[in-house]
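Student: just need the structure, nothing else, for what follows:
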Amino acid sequence: MFRLDYLSCALPVLSTVLISRRLWQGWLVASANSIIVCFIGVRTAQFGFVPANIFCLALYAHAIYKWKAPSKQTASQAESASHTLREQPGAGHIHLGHPVRSAAQIQQMQKRRLLENASATFAETAGRTPVDNEQSAGNRDRVHARRLPARS
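Tutor: Presented below is the predicted three-dimensional model:
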């Protein structure tokens, strides 16, 4: 007869390795282990294992659902953002044949472009002083020379 206790000892190690490598299949392996532990609990009349592992199965199903759902969203967001960047004028350094790897890189490039545009705009207006409070630009912040009293 196959020893389920030895299999139940190896499966958590395998699932931990898979999850640490960021593979969602690790949750499937952990689910298989929970089913085996439930089966062992029923056969040995240790019924306390059953509700705990059913709860773990629910957690694993939720984790798989959350793990799989964002990966599709992130890929579509990255594709739409890279498509947006490719259509923008001045984005000549992005070539149509080379896909952008992640949404974070796209956001970083957009921030860099905004900073470049802002610094160019600032350089154009740096020589001008805005006029407000009915005060002319020529008289604002002017330091007047005055004589200091002589020391005795």
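Student: any low-confidence regions in the protein?
Tutor: For the chain, the stretches flagged by pLDDT under 70 are 1, 70-101, 119-144, 152.
Student: and if we set it to 80?
Tutor: Scanning the chain with the threshold set as pLDDT under 80 gives 1-2, 68-107, 115-148, 152.
Student: tell me where it has strands.
Tutor: Shown for the chain, no strands are assigned by DSSP state E.
Student: so where do the helices sit in it?
Tutor: Counting by DSSP state H, the chain has helices at residues 4-20, 25-43, 49-87, 103-125.
Student: report the angle between the shortest one and helix 25-43.
Tutor: Interaxial angle, helix 4-20 versus helix 25-43 (axes from the mean of the first three to the mean of the last three C-alpha atoms, to 10 degrees): 160 degrees.
Student: who touches helix 4-20?
Tutor: 25-27, 29-30, 32-33, 36-37, 39-40 (C-beta atoms under 8 Å, 6 or more residues apart in numbering). (Each C-beta comes from the backbone N, C-alpha and C, glycine too.)
Student: got CSV for these, with neighbour count and distance to K111 too?
Tutor: As requested, those are arranged in CSV below (neighbours: other C-beta atoms under 10 Å; distance: C-beta to C-beta, whole Å):
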residue, neighbour count, distance to K111
Q25, 14, 35
G26, 22, 34
W27, 22, 35
V29, 21, 40
A30, 22, 39
A32, 17, 44
N33, 23, 44
I36, 16, 49
V37, 21, 49
F39, 15, 54
I40, 17, 54
